[in-house]
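S.K.: predicted model follows, preceded by the sequence.
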Amino acid sequence: MTSFGDELAPIDESKFVQIWVFEPGNGAEARFGHSEVVEWMTARLDRSRIFTEIVEFRSPLGYPVWRTADRVEVADHVRYTDLDGVGWDGFTAEWARIVAAPMDVSRPLWELHAITGVRGVPGLPDDAVYIVIKFQHAIGDGVEAVAIARRLFDAPDADVEKPEPDYAPPGPLRQVAAIPGQVVTMLRAARRTRTAVAELDELTARGEIPPAPTAVPNRFNVSASGGEVVVDVAHRSLEAAQAARRAIPGATVNDFALAVVSGAMREYLRHHGELGSDPVVVAAPMSLIPLSERRRNPEQASNQFGMILVDLHVQEPDPRIRLRRIAESSAQGKERSRSAPAMIATTALDEYPWWMARKVVAATHRAVEAGTGISANAMVTNVPRGPSDLTFLGRPSITAFNASPVHAGFAVSVASLGAELAFSFVGTAEMMPDPQHFRRALEDSFDALVAALDQAEPDRPTIPVG
């Protein structure tokens, strides 16, 4: 039997790292340690099968399968860390360490870290509890990861996970016998893809489909593999963003968030003397499954998404004009990604056998690292966390943010919990030696955009530079 780690060796480990912050608690309730967290988690293993299942590769010819682990040592998945009075810089150092650490993919693909002892952070109470949940991307996409976390934290609206049908993979002889048919299916899919790409180019040339923006490599495309990880987060008001974006007809909260990221990237590149005429393009995941279907079958619809490419128009100094242009670019990206030829090309890999699909993915990663396969300068994701009605050991939730490292490049995660909006990011010290400057740039960009749209400025205190 082949281990998951061996099969993933040529493919970068993709992870979700969620941070959920809770009130510190009072009196005796405020004291807990590793054993209490293990007990709390053990009582919740049935909230999702990902807590008790492992991934196995039973043959180099077949796709991996999930099976229930013979035994789950919860204590090995749970960590408790008392940072003993450190400030924000101390927490971000621990956060970055968790992001960078490899996962043991021979066991269920999750970790839970409870962190206490963080003090002196404006806007957050001293000794707030930081729960960091780390998932491997194989468990699903960002929407599914949030649904699992909300079940853990006893959300009143948490859905009940539907059972997966039992799947018995074919035996070795049947897998070998299936190879000719798999090759034929793959070749047909490849042929359909070439035809779809040619059709997409023709439709673009005729002006019937908007062209995709072209990314030029910049400092944000430095390889994320093996470098020192940097992380940080900016907090602002979701209500302010919702009110402000209405000033631009058709603009969404996601467009507003992209405009905030655009302003921050503009300032950061300007600060380093690198704001030229080249476009800055970001990739944003877009679900291929309608929202109604996602709600009915969240697990089956998970990890089925395409990418839209959005020009951030960083050369435009006026935040209001920049938001309008980003909203237009975003709408064009969605139109292009939802066109029939683009859908065919996006889903073609689903018809490849595993032994070829993993080679295609690995080759794509190598091309990106070599700078020959750059389609975007950064990734921006936006996954709402829902109402702020969660609890951990009796403590109510305060805020939530995220870190989703990408194989090569820079990633910004936008998350909302209740009335708060968080812009967190992950990169490397090589591309971003001064992450506090980018965090301040995010805060300033948000405030400038709200002011430009004639809305009241938010009063959320900022986290100071250490």
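M.R.: Arrived safely.

S.K.: switch to C-alpha atoms for all contacts and neighbour counts from now on
M.R.: OK.

S.K.: so Ala367: helix, strand or coil?
M.R.: Of the three states, Ala367 takes helix according to DSSP: H, G, I helix; E, B strand; the rest coil.

S.K.: any idea how far it is from Tyr352?
M.R.: As judged by C-alpha to C-alpha, to the nearest Å, Ala367 and Tyr352 stand 20 Å apart.

S.K.: so between those two, which is more surrounded?
M.R.: When neighbours are counted by other C-alpha atoms under 10 Å, Tyr352 comes out ahead of the other of Ala367 and Tyr352, with 21 against 13.

S.K.: residue contacts, the closest residue to the more buried one other than its chain neighbours?
M.R.: Nearest residue to Tyr352, sequence neighbours excluded (C-alpha to C-alpha, 6 or more residues apart in numbering): Met186, at 5.0 Å. By C-alpha atoms under 8 Å, 6 or more residues apart in numbering, the contact set of Met186 is 351-353.

S.K.: over to Leu269?
M.R.: Leu275.

S.K.: just give the nearest non-adjacent residue to the most centrally placed residue in the chain, would you?
M.R.: Nearest residue to the geometric centre of the chain (C-alpha atoms, centre = their mean): Ser404, 4.1 Å. Among residues not flanking Ser404 along the chain, Phe16 sits closest, at 5.0 Å (C-alpha to C-alpha, 6+ apart).

S.K.: direction included, what does the host helix or strand of the one you found pair up with?
M.R.: If you go by DSSP states H and E, Phe16 is part of strand 15-22. Paired neighbours of strand 15-22 in the sheet (DSSP bridges): strand 128-136 (antiparallel), strand 395-403 (antiparallel).

S.K.: tell me the SS of the spatially most distant residue from the centre of the chain?
M.R.: Relative to the centre of the chain, the most outlying C-alpha is that of Leu173, 38.9 Å out, by C-alpha atoms, centre = their mean. Put simply, Leu173 is helix when judged by three-state DSSP.

S.K.: for Glu56, same thing?
M.R.: Applying three-state DSSP: Glu56 is strand.

S.K.: which outside residues touch stretch 321-337?
M.R.: Applying C-alpha under 8 Å, 6+ apart, the contact partners of stretch 321-337 are 209-212, 248, 250-252, 255-256, 258-259, 286, 306-314, 316, 342-343.

S.K.: how far away is Ile326 from Gly171?
M.R.: From Ile326 across to Gly171, the span is 51 Å (C-alpha to C-alpha).

S.K.: can you pull the contacts of Glu351?
M.R.: Each residue near Glu351 by C-alpha under 8 Å, 6+ apart is listed here: 185-186, 189.

S.K.: cool, and His313?
M.R.: Counted by C-alpha under 8 Å, 6+ apart, His313 has contacts 262, 279-280, 322, 325-326.

S.K.: quick check: it vs Gln332, distance?
M.R.: Separation of His313 from Gln332 (C-alpha to C-alpha) stands at 14 Å.

S.K.: do the same with Ile131
M.R.: Taking C-alpha to C-alpha, one finds Ile131 at 38 Å from Gln332.

S.K.: ok, now Lys162?
M.R.: Counting by C-alpha to C-alpha, the gap from Lys162 to Gln332 is 36 Å.

S.K.: for Val412, same thing?
M.R.: For Val412, the distance to Gln332 - C-alpha to C-alpha - is 21 Å.

S.K.: these two: which is more packed in?
M.R.: Taking other C-alpha under 10 Å, Val412 and Gln332 do not tie; Val412 has more neighbours (27 against 20).

S.K.: quick check: closest non-adjacent residue to that one.
M.R.: Closest to Val412 by C-alpha to C-alpha, 6+ apart is Phe425, at 4.3 Å.

S.K.: state the pLDDT value of the one you found.
M.R.: Per-residue confidence (pLDDT) for Phe425: 96.

S.K.: cool, and Glu293?
M.R.: Among the per-residue scores, Glu293 holds a pLDDT of 58.

S.K.: ok, Pro156 next?
M.R.: Reported pLDDT for Pro156: 89.

S.K.: my guess is it contacts Ser388. True?
M.R.: No - with contacts counted by C-alpha atoms under 8 Å, Pro156 stays clear of Ser388, the gap being 10.4 Å.

S.K.: higher neighbour count, these two?
M.R.: Ser388 (17 against 11).

S.K.: can you list the low-confidence ranges for the stretch 101-250 of the chain?
M.R.: Residue ranges of the stretch 101-250 of the chain with pLDDT under 70: 163, 165-168, 224-226.

S.K.: where exactly do the helices run in it?
M.R.: For the stretch 101-250 of the chain, the helices defined by DSSP state H, counting those that start in this stretch cover 142-152, 172-205, 238-245.

S.K.: can you mark which positions in the second one are buried?
M.R.: Within helix 172-205, the residues that qualify as buried by neighbour count (16 or more other C-alpha atoms under 10 Å) are 182, 186, 189-190, 192-193, 196-197, 200.

S.K.: in CSV: the strands paired with strand 15-22, plus distance to Trp20 and mean neighbour count.
M.R.: CSV is the format used below for the strands paired with strand 15-22 (distance: least, C-alpha to C-alpha, whole Å; neighbours: other C-alpha atoms under 10 Å):
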stretch, distance to Trp20, mean neighbour count
strand 128-136, 5, 23
strand 395-403, 4, 24
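
S.K.: for Ala363, find the nearest of those strands.
M.R.: strand 128-136 (20.7 Å; C-alpha to C-alpha).

S.K.: how much space separates Ala93 from Ala100?
M.R.: Taken as C-alpha to C-alpha, the span from Ala93 to Ala100 is 11 Å.

S.K.: which one's more surrounded, those two?
M.R.: Using other C-alpha under 10 Å as the criterion, Ala93 and Ala100 rank with Ala100 on top: 18 against 15.

S.K.: ok so, going back, using JSON lines, lay out the contacts of Glu351 together with distance to Ile54.
M.R.: JSON lines is the format used below for these (distance: C-alpha to C-alpha, whole Å):
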{"residue": "Thr185", "distance to Ile54": "29"}
{"residue": "Met186", "distance to Ile54": "28"}
{"residue": "Ala189", "distance to Ile54": "30"}
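
S.K.: picking up where we left off before, and the residue nearest to the centre of the chain, how far is that from Phe135?
M.R.: In terms of C-alpha to C-alpha, Ser404 sits 10 Å off from Phe135.

S.K.: any shared contact partners between these two?
M.R.: 15-17.

S.K.: pLDDT added to these, as JSON lines?
M.R.: Output for those, formatted as JSON lines (pLDDT from 0 to 100):
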{"residue": "Lys15", "pLDDT": "85"}
{"residue": "Phe16", "pLDDT": "86"}
{"residue": "Val17", "pLDDT": "93"}
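
S.K.: thinking again about what came up before, thought the residue nearest to the centre of the chain was touching Ser413?
M.R.: Yes - contact status for Ser404 versus Ser413: in contact at 6.9 Å, counting by C-alpha under 8 Å.
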